[in-house]
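In: What shape does this take:
(chains A and B)
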Amino acid sequence: MATAAARWNHVWVGTETGILKGVNLQRKQAANFTAGGQPRREEAVSALCWGTGGETQILVGCADRTVKHFSTEDGIFQGQRHCPGGEGIFRGLAQTDGTLITCVDSGILRVWCDNDKNTSSDPLLELRVGPGVCRMRQDPAHPHVVATGGKENALKMWDLQGSEEPVFRAKNVRNDWLDLRVPIWDQDIQFLPGSQKLVTCTGYHQVRVYDPASPQRRPVLETTYGEYPLTAMTLTPGGNSVIVGNTHGQLAEIDLRQGRLLGCLKGLAGSVRGLQCHPSKPLLASCGLDRVLRIHRIQNPRGLEHKDEPQEPQEPSKVPLEDTETDELWASLEAAAKRKLSDLEQTQGALQTRRRKKKRPGSTSP
Amino acid sequence: MAKAGEKSSSSWKKSLKRKAAAEEIQEAAGAGDGATESGVQPPKAAAFPPGFSISEIKNKQRRHLMFTRWKQQQRKEKLAAKKKLKKEREALGDKAPPKPVPKTIDNQRVYDETTVDPNDEEVAYDESTDEFASYFNKQTSPKILITTSDRPHGRTVRLCEQLSTVIPNSHVYYRRGLALKKIIPQCIAREFTDLIVINEDRKTPNGLILSHLPNGPTAHFKMSSVRLRKEIKRRGKDPTEHIPEIILNNFTTRLGHSIGRMFASLFPHNPQFIGRQVATFHNQRDYIFFRFHRYIFRSEKKVGIQELGPRFTIKLRSLQKGTFDSKYGEYEWVHKVCAYCFKKLIFKVWDKRVGGERASGIANGCWA
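Out: Numbers count the residues shown, from 1 in each chain, chains lettered A, B, ... in the order given. Next up, the predicted model:
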């Protein structure tokens, strides 16, 4: 059961009780996987990332400072590794070239050797990033480049093969109109594909774009959304916009070319903890503190595709949707979505969007 | 005019109706000599042009008359249909089809997917390790601080005093314009477990913030229909110092569980049945009704109850993880109103219900 089921899970979600859930959207089922057999709050999942070598392995960072390897093919936890040092939970996990990169809340970034034979407890490299880190993200194009940012911890880009100083250190924006210093709180970072730019979303409801290639260390673009801290961000398949979520469960798509709000997505009632877009299809998976995983359709029309109630405090991270399914699966998923699962689907007019949506046939409520 | 005078013998309205009908016939038929016929003949079925509705009559009096006549006719037809149906049922006897169930708002409700299954292990584990675990494991006993918004008026102050008699081990403090974020660390240092803030607007209490203290969730409610003790009719004497029992009705969904546990953790574990007092939180369609009663068993099946204590209705607006921090806190649930799906929203808002053992009456209701 576990083998077949594990492979066909489209979305992987980590929870606060330490359970890793694989959700099969086609069959609308969720499967629970725990390392120890019983859920434990000490193993609360704080970071998730794919392992190297395709999407067959997931690295799960837990609150007790262990990183567990989970194989999606076999559906079991294969091994774990204790990563001590520093205080706080994992804020970023990455894997490259047989090494594991971890970053914790207090700012200790460590690179560990990840071979099975050599699980020594000494890190290969240690960097001090600054206290109060909220996110560490690896550049998918250059695996040895990572970016970190946090509360009163400006955005820094590090080259792990280079020197101990950051490659790029962002500068705070100018003082505001009252001549007061603008506080910094980078909650999430993303690397924009195709260029060296970075996008961050802050706890002071700003979205900023930085360009290390330009001589300007201040943000190249800055927009605000809402009045609540933005907690999660993801890039859309087009590469021109990001979707951000805040602590009130409001999701918004923001265009990065002009800094404009393209539209909002409805449905979430709690703080957004994890967002992930499909790499090619306009689908977004979102989870939050309201314990529900939702799949949204981003365009044409904008609406809710599927809602899954796992009855668990949904904490963070989602891992990207697997791309191994054939198109038939997705087509059948979309056909299934036409059946109304909840009345939150198929919104006629999401707020503030210019795209006129055509109502899909067969989707009117009974 | 002369005609009206003649017909004043029978009921005036009827005659007027006839006259009105007659006039209609005149208009419709276009006949010119209604004078003699109108008084004598009963009103014929008026030959109105098709597509004519009563609302097109310009004369208000006549329009009203036509309408009342139409209504009476409808009522007659309905009664006749009912009688006929009843006769048919009697005639069929046992073979009659079952009576159709009337449509009510509660019937039309869409099933809420978040209703908790009592056997769900994940939820059970989650609840056994959440912020209220220390209360439910009997490691801490509640100590409540009740306060208001700044400069409260009489009603709010009296409500706080009455609440403190209802909730054991609670203390009322005057707010004095202090910031909640500064009060909370002091409360934690003095080992308070919960903080209740009653918000006031225009001299009436209209909001309630309930914050579980060490680092627990904060619930923000909207309060309405507040009745103080003297406004409650046929009430009993003031509540005694005995610890009351608690009834939590209809808190079935996951959100309902959290809120229900929050309310339960306000009261000490060991209800004193000698006091025969009970506090009820009854959830119906997302409104929670709070009542405080004293009960007495007159026989095995009959209970007498006396309402004591204040009474109010609250509705959850948001549940925030962590202590009070409305700007930067993370919300577990926020009440959102969809502008254009009102009707459905009434049914789909998270209805907080719990596996209902509750029947009517207050026999043996205790939150164990």
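In: in chain B, what residue is nearest chain A?
Out: B:E330 (3.8 Å; CB to the nearest CB). To be clear about C-beta, it is placed using only N, CA and C from the backbone, and glycine gets the same treatment.
In: Now the phi/psi pair for that residue, please.
Out: When read as degrees, to the nearest 10, the backbone of B:E330 gives phi -100, psi 130.
In: how about the nearest residue to it once chain neighbours are set aside, what does it touch?
Out: Spatial nearest neighbour of B:E330, excluding adjacent residues (CB to CB, 6 or more residues apart in numbering or on different chains): A:S271 at 3.8 Å. By CB atoms under 8 Å, 6 or more residues apart in numbering or on different chains, the residues touching A:S271 are A:231, A:246-249, A:288-289, B:321, B:330-332.
In: One more pass at 10 Å, please.
Out: Residues near A:S271 by CB atoms under 10 Å, 6 or more residues apart in numbering or on different chains: A:228-229, A:231-232, A:245-249, A:288-290, A:314, B:320-321, B:329-334.
In: where's it relative to A:G245, distance?
Out: Distance of A:S271 to A:G245, given as CB to CB, to the nearest Å: 8 Å.
In: Name the residues contacting each of the two.
Out: A:228, A:231-232, A:288.
In: Select the helix or strand of chain B having the lowest average pLDDT value.
Out: helix B:342-348 (a mean of 37; mean pLDDT, DSSP states H and E).
In: Could you double-check that B:N270 lies in contact with B:S141?
Out: Yes: using CB atoms under 10 Å, B:N270 is in contact with B:S141, at 9.2 Å.
In: Mind checking which of the two has more residues around it?
Out: Taking neighbours as other CB atoms under 10 Å in any protein chain shown, B:N270 and B:S141 compare with B:S141 leading, 14 against 10.
In: That one against B:H269, yeah?
Out: Yes: the criterion here is CB under 10 Å, and B:S141 meets it with B:H269 at 7.0 Å.
In: Now the common contact residues for these two.
Out: Overlap of the contact sets of B:S141 and B:H269 (by CB under 10 Å, 6+ apart) consists of B:Y135.
In: hmm, back to that, ok, the residue of chain B closest to chain A - how many residues close by?
Out: 21.
In: How about stretch B:129-142 and chain A, touching?
Out: Yes: Stretch B:129-142 reaches chain A (CB under 10 Å from any CB of the partner chain) through B:129-130, B:133.
In: Show the buried residues in those.
Out: The neighbour-count test (16 or more other CB atoms under 10 Å in any protein chain shown) applied to the residues of stretch B:129-142 next to chain A identifies B:D130 as buried.
In: just curious, which of the residues of stretch B:129-142 next to chain A is nearest to B:P50?
Out: Nearest to B:P50 among those, counting by CB to CB, is B:D130 at 69.2 Å.
In: Show the pLDDT at that closest one.
Out: On the pLDDT scale, B:D130 is placed at 84.
In: now swap in the one 10 residues further on and tell me
Out: Looking at B:T140, its pLDDT is 88.
In: try B:F289
Out: On the pLDDT scale, B:F289 gets 96.
In: now A:F77
Out: 84.
In: For B:I305, give me its contacts.
Out: B:236, B:276, B:278, B:291, B:293-296, B:361-362.
In: In a helix, it, correct?
Out: No: residue state for B:I305 (DSSP: H, G, I helix; E, B strand; the rest coil) corresponds to strand; a helix is not indicated.
In: ok, what's across the strand from it?
Out: Beta-bridge pairing for B:I305 (DSSP bridges): B:Y295.
In: where are the low-confidence patches of the chain?
Out: Using chain A. Chain A contains residues with pLDDT under 70 at A:1-9, A:115-121, A:300-366.
In: try chain B instead
Out: For chain B, applying pLDDT under 70 flags the ranges B:1-46, B:113, B:338-368.
In: Where do the strands of it begin and end?
Out: Along chain B, counting by DSSP state E, strands occupy B:144-148, B:170-172, B:194-201, B:204-212, B:218-227, B:245-249, B:251-252, B:277-284, B:287-297, B:303-321, B:330-334, B:352-353.
In: Just list the residues touching residue 175, thanks.
Out: Since no chain was named, I'll use chain A. Taking CB under 10 Å, 6+ apart, we find A:N175 in contact with A:181-182.
In: That was the other one, I meant chain B.
Out: Contacts here follow CB under 10 Å, 6+ apart; on that basis B:R175 touches B:147-152, B:183, B:197-198, B:200.
In: ok, it to B:R235 distance?
Out: B:R175 sits 29 Å away from B:R235, taking CB to CB as the criterion.
In: ranges for the strands of the stretch 51-200 of chain A?
Out: A:57-62, A:66-71, A:76-82, A:90-96, A:99-104, A:108-113, A:125-128, A:133-138, A:145-150, A:153-159, A:168-169, A:186-191, A:198-202 (DSSP state E, counting those that start in this stretch).
In: quick one: which of those is nearest B:L159?
Out: B:L159 sits nearest to strand A:186-191 of all these, at 40.0 Å, using CB to CB.
In: Quickly run through the sheet partners of that closest one, with directions.
Out: Counting by DSSP bridges, the strands paired with strand A:186-191 are strand A:198-202 (antiparallel).
In: can you give me the offset of the strand it pairs with from its chain's centre?
Out: With CA atoms, centre = their mean, to the nearest Å as the basis, strand A:198-202 stands 12 Å off its chain's centre.
In: The next helix or strand after it packs against which elements?
Out: Downstream of strand A:198-202, the first helix or strand assigned by DSSP states H and E is strand A:206-210. Helices and strands touching strand A:206-210, by 3 or more CB pairs under 10 Å, 6 or more residues apart in numbering or on different chains; DSSP states H and E, are strand A:153-159, strand A:186-191, strand A:198-202, strand A:221-224, strand A:230-235, strand A:241-246.
In: So out of everything in the stretch 101-250 of chain A, what residue is nearest chain B?
Out: Distances between the stretch 101-250 of chain A and chain B by CB to the nearest CB are smallest at A:T247, namely 4.8 Å.
In: need the contact list for that residue.
Out: A:187, A:203, A:205, A:226, A:228-232, A:270-273, A:288-289, B:320-321, B:325, B:327-332, B:334.
In: ok, 6 Å please
Out: With contact set as CB atoms under 6 Å, 6 or more residues apart in numbering or on different chains, A:T247 has these partners: A:228-229, A:231, A:271, B:330-331.
In: do the same with B:F297
Out: By CB under 6 Å, 6+ apart, the residues touching B:F297 are B:V303.
In: Can you pull the residues of the stretch 101-250 of chain B lying near chain A?
Out: Taking CB under 6 Å from any CB of the partner chain as the criterion, the stretch 101-250 of chain B approaches chain A at residues B:113-114, B:120, B:122-123, B:125, B:129.
In: Selecting buried members of those in ChimeraX, what would you type?
Out: Remark: buried members of these, expressed as a ChimeraX selection using 16+ other CB under 10 Å:
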select /B:114,122,123,125
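In: of the residues of the stretch 101-250 of chain B next to chain A, closest to A:T72?
Out: Of all those, B:E122 has the smallest distance to A:T72: 21.3 Å, by CB to CB.
In: Alright, calling it a day.
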